[in-house]
Structures are given as structure tokens and as C-alpha cells.
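J.: based on what follows, work out the 3D shape:
(2 chains)
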Number of protein chains: 2
Amino acid sequence: MVRPTTLISSVRLNRYLSLDILLASETFQHTGNFKFRGAWHMASNVPHHHLLTSSSGNFGQALAFACQELNKRCTVVMPNDSVIVKVEAVREFGGDVELVDTRKITRDARVAELARQYPDAYVASGFDDDLMIAGNSTLGRELAKLNGGIDALVAPISGGGLASGILKGLRSEGVDIPLIGAEPLLANHVTRSFRAGQIVRDKEESKTIADGARTTSLGERNWEILKTGLAESIEVPEAAIRDAVRLLFHLANLKAEPTGALAVAAILIQRERFQGRRVCCIISGGNVDAPLFSSLIV
Amino acid sequence: MVRPTTLISSVRLNRYLSLDILLASETFQHTGNFKFRGAWHMASNVPHHHLLTSSSGNFGQALAFACQELNKRCTVVMPNDSVIVKVEAVREFGGDVELVDTRKITRDARVAELARQYPDAYVASGFDDDLMIAGNSTLGRELAKLNGGIDALVAPISGGGLASGILKGLRSEGVDIPLIGAEPLLANHVTRSFRAGQIVRDKEESKTIADGARTTSLGERNWEILKTGLAESIEVPEAAIRDAVRLLFHLANLKAEPTGALAVAAILIQRERFQGRRVCCIISGGNVDAPLFSSLIV
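T.: Numbering: from 1, shown residues only, chains lettered A, B, ... in the order given. From the prediction side, this is the model:
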């Protein structure tokens, strides 16, 4: 059911950056984002017939579609300032959307309320769940095939589900390519966690344009894998995220969402150190609404 | 050197259309358009060290890059109202651009002048050339692998280079999938040629938004292949082209240029007849500038 990632290289992008970059794009994954990998694995493997989660959009859409394909019920708690296309997409896939005003009640608190209301439901985390990590590891296994052809992998990081999944997949294939995380500077809890040697939690969600990276901390399960496995993390300013979306559009014909452009943005701000290294950037997803995208590409 | 086409299917697009569509996207081909296939084959196979052509952009860019890779010289005649990104891209690949005011002198006339000026140059047609057809046939050979899984192919058509190449490639593999051409209603010389049983030429270039389909007639070599090989042609109104670009952006995360969206646009206006058929739409390219693209996706 999961679609393999799409490998893209662009001469124009490489020349512009004077670098050798391969893009692994999850923008054509089902529901337009890598999240479907974990969602599908989770929904297929839990015995529950109702799954309940909180999501800024991509995981909700992925889980809704996975549940619909499996004839299961799906309830998704979303902030009431979510981009409309993401809310509509969850509903399109048969998901029940519960909008919450996050200034009044946190998403987690609303999920807890609903969990009491539906005691038979599986409460799904979009990142801190062994089934998610296992599902995301399919991408790591695919990327392991690039062994010998690339010197480093760069992937967006926030909750840590994607990065820990990639590491798990690489390890399962016995492959050891350094994995670098790219997180928004405005939501830099990963870098701070590595400095502290333990999970650091933000008090509130960041307003970074990379809306898929607004998670307030790494997941416990992800941290266990990442603390010894992630080579490092790079903090990416908002301007670089915008630049990366624009460059991917103009030079690689790729529609990436801001979170999806984090890896390329990290390369943009540290070009010197990637000189002469063959780097694979994971483009985690492509779901972005037209008004925002239009404002980024001009 | 040529990159294989990228196969994409989108559940959301299929559900929206109630159809079963596979997209074969050439937007990630070198220089962002299928034209590189023919350009590379041509530049590699002619003995000349200087190639000269007229192009609304995509062929020029493709030929410039092919020549640059082969250390050959390339001169491209372009209308002075070409979108800037296309002119810049030709220059970026080392091509010499000759801008012409097409109200004063036709592009062909200017090419003829330059051909006299450079008698050693090969005058390259972007579509009516056996080398182009042979180069484009690599796409047909790739699509032949879909035999059994699809019932029809739909491809943009204007000069006929892509369609005749696809047919040639399918035939070389002994595969007979019906190929349908999609042309702008504003530049419908293909449909008129089939009605007349001979090549019909437009007096002047159309102003269709599908700028890669402004060719004024089928090429002679292409017509020889198409007149017995093309299943039919569909005339596509401008509004449908715009709709197709927008739907590909929103539902398939694909950045297509208007010409690239012609096949999907043809399906859009004739949904009933494609019901229950598995159709592969060729997305011929993705090179479109940001202001136009922004105006199409909202």
C-alpha cells in the first residue's frame, strides 16, 4: 500500500548551490506526506476499530485514509487555526474532525477527554509510537539502497518520528549513513535536547512556518533511538525555509510544504560544510495551501 | 543521461474525477520537460559542433543543456515575449539567446538568417526531426512497460514530436495502447488536420496559455507516423487547462506547466467516456513562472 519514495536530482539546483544533492520526495506518498507510512502500519496492526489522534494535519489525513481503507473509524483533533485544505482533506478521507481552540484547551487535553468518551479507541501518537517508528522505517530501508552513493542524509526533525524511523530502517539493513536533523530555529527543542542530554520541552507550540514541525518535544521512544543515532541537528531560520521552498519550485519543479523543505534549507545555510559531499535531502511532504505557497514562490 | 519518467497516482485526484488515472510526469526530466529526450539524442548524434534552433523555451533549454554536456555550441531564437525564466534557463545552460520581435520577423525567418551566417551549424527542429522522434521514443518504450495495466494513453500534442515519439517507442516494443492527443482548442490544427486528411497550418501562433503548444502545424515527419497511429485528438478549452493545473497542484502535489496539464484537462472535459478505463496521462513538463502559476492555483 505504501508508495516508494521518489528520487529526484536537479542539475539546476545543484549548480545553484554548487553541491551534489539528491532529493527523496515523499510529496507523492499517499496523502502527500511521509506520515502515511507510519499511519498505515499503525492502523493495520492495532486490533482497535476506532483510532483517535491529535494532528496539525498531515498525520490526521494519513490516519484517516489508512482507517478508511481498513474500514476503521478515525477521530482527529485539530487546532482551529489549521489550514483549511488540511481539515478538508481529513474529512474527505472519512475522518471525524474535532476542532479545538488551543488557547483554551491543549490538543492533548482534548484527546484525553475524547479517550474517556471512547474507551475502546486506540489513542495514536503521530510520532511517539513504536508502530509509527516501524512504519517510517520503510523509508529508511529504501534509503539504505543508496548506500555507497551518498555521504549523508538530512531529514526534517521535530517530534522525531521520521528521523528515528529512518535510523531504524538503515540499521535493519546494516547500513550506517550519517543522519542529520533539520529543525526550525523557532522550534529548536531537538538541538536543546542534545545539548542537555535529555528531552527538553517547549512550553507552547511555535509559530514557525514549518507547521509540521511545531511539536513541542521529541517523543520518548524517538529520543531513545536518536540520542545515540542522530549525527547532529541544524537549526534553520524562517528565511531559509522560505528560500528552500522557492528554490525547489523554481529549480527542481517540486512542490514542497515548508516543513518538507527543512532539509534543503539546512543545506542552504551551511553550504561550505556540505561541499564535496553527496547529500540526500528528505522532502517529507508537499501539502501546502495555495495562498501560502504563492507568497513563497514569488 | 535521460532520466526515466516519474509515475504518480493520486487517490485524491482519482476520487475527485471518479476515474483511474496514472500520471507519467516529465517534470523531473533534465531541464524540467520531455524535450530533453529528443534534444539529447539529437545533440549526441549529429556531427555538428554548433546547433541552432527556434524555441518557445523548453526545447531551447533542453538543447542548450545537451550541447553544454557535449561541449557543443547552441544558439536559440526566442520570441521577445517569452517568459523570463525560460530565457534565463537557456543562458544558464550556456546557450546564446537571440530574441526576436515576432511581429516584425518570424522565428523561422530569423533562424534562416542565422543559418546563412553560420553555415556549419545544424538547424534543429524541436519536433519535426527524425532524431527528435527517436529521442522521444525512449518515453514510449518506458510506457510500453505499462502494457496490460492501462487502457489508453493521453499526451499533449501540437507539433507532434512527443506523440509520434511515443508511438514509435510503443511500436518498437510491439505494444499497441491507444494514444490520444490533447491540444488547445485555441490551437487546434491537429484536429483540423485529421478532419482534412492532411496537415493544416495556422497562419499565426495562438495565444493559448499552453505556451508549449503554440506550434502552427504538425511536422511532416510526425504526421507520417500520426496519421495512421494516433487514435484521436481532443480539443481542450483554456478554462480546462487552468483547472487541470490547479487540480494537479492541490490533489497530486504536482507542479505542471499549462502545456503539461493538457492531458488531464482533456480527461476533465470528457470524464464520462474515460469512466472505467485505466488512463495514463503524460505530464510533459513543469516549467512555469511563479506569477502565472500563482494565478492558476488559487
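
J.: model confidence at residue A:56, what's the number?
T.: On pLDDT, residue A:56 comes in at 67.

J.: just residue A:82 next, same as before
T.: 79.

J.: wait, it touches residue A:58, no?
T.: No. With contact defined as C-beta atoms under 8 Å, residue A:82 does not reach residue A:58; the gap is 10.5 Å. Any C-beta I mention is one placed from the backbone N, CA and C, and that applies to glycine too.

J.: the more surrounded of the two?
T.: Per other C-beta atoms under 10 Å in any protein chain shown, whichever of residue A:82 and residue A:58 has more neighbours is residue A:58, with 29 against 21.

J.: isn't that one right up against residue A:35?
T.: Yes. Between residue A:58 and residue A:35 there is a contact at 4.7 Å, judged by C-beta under 8 Å.

J.: okay, and the common contacts of those two?
T.: A:126, A:285 (C-beta atoms under 8 Å, 6 or more residues apart in numbering or on different chains).

J.: for residue B:32, see how far away whichever residue of the stretch 1-150 of chain A sits closest to chain B is.
T.: Using C-beta to the nearest C-beta, the closest approach of the stretch 1-150 of chain A to chain B is made by residue A:27 at 4.5 Å. Distance of residue A:27 to residue B:32, computed by C-beta to C-beta, to the nearest Å: 16 Å.

J.: repeat that for residue A:78.
T.: Distance from residue A:78 to residue B:32, by C-beta to C-beta: 35 Å.

J.: next SSE after the helix-or-strand element of chain A with minimal mean pLDDT?
T.: Least confident helix or strand, chain A: helix A:84-92 with a mean of 87, by mean pLDDT, DSSP states H and E. Downstream of helix A:84-92, the next assigned helix or strand under DSSP states H and E is strand A:96-100.

J.: helix or strand for residue A:182, which one?
T.: Using DSSP H and E, residue A:182 falls in strand A:179-184.

J.: please name the strands paired to that strand in the sheet, noting orientation.
T.: If you go by DSSP bridges, strand A:179-184 pairs up with strand A:152-156 (parallel), strand A:232-236 (parallel).

J.: put the alpha carbons of the helix or strand following the last one into PDB.
T.: Towards the C-terminus, the helix or strand next in line after strand A:232-236, according to DSSP H and E, is helix A:238-252. Backbone C-alpha positions of helix A:238-252 (Å, rounded to 0.1, in the frame of the first residue of the first chain) are rendered in PDB as follows:
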ATOM      1  CA  GLU A 238      12.500  31.000   8.800                       C
ATOM      2  CA  ALA A 239      14.000  32.900   5.900                       C
ATOM      3  CA  ALA A 240      16.000  29.800   4.800                       C
ATOM      4  CA  ILE A 241      12.800  27.700   4.900                       C
ATOM      5  CA  ARG A 242      11.100  30.200   2.600                       C
ATOM      6  CA  ASP A 243      14.100  30.300   0.300                       C
ATOM      7  CA  ALA A 244      14.200  26.500   0.100                       C
ATOM      8  CA  VAL A 245      10.500  26.200  -0.900                       C
ATOM      9  CA  ARG A 246      11.100  28.800  -3.600                       C
ATOM     10  CA  LEU A 247      14.300  27.200  -4.900                       C
ATOM     11  CA  LEU A 248      12.600  23.700  -5.000                       C
ATOM     12  CA  PHE A 249       9.800  25.200  -7.000                       C
ATOM     13  CA  HIS A 250      12.000  27.100  -9.500                       C
ATOM     14  CA  LEU A 251      14.900  24.800  -9.900                       C
ATOM     15  CA  ALA A 252      13.500  21.300  -9.300                       C
END
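
J.: helices and strands around the helix or strand just after helix A:238-252, which ones?
T.: Remark: after helix A:238-252, the chain's next helix or strand is helix A:262-269, criterion DSSP H and E. Contacts defined by 3 or more C-beta pairs under 8 Å, 6 or more residues apart in numbering or on different chains; DSSP states H and E place helix A:262-269 against strand A:20-25, strand A:152-156, strand A:179-184, strand A:232-236, helix A:238-252, strand A:278-283.

J.: out of these, indicate the one that is most buried.
T.: When neighbours are counted by mean count of other C-beta atoms under 10 Å in any protein chain shown, the highest per-stretch mean among the helices and strands packed on helix A:262-269 falls to strand A:179-184, a mean of 28.

J.: tell me the angle of the helix or strand just after it relative to strand A:179-184?
T.: Sequence order places helix A:189-196 as the next helix or strand after strand A:179-184, per DSSP H and E. Going by axes from the mean of the first three to the mean of the last three C-alpha atoms, to 10 degrees, helix A:189-196 is angled at 120 degrees with respect to strand A:179-184.
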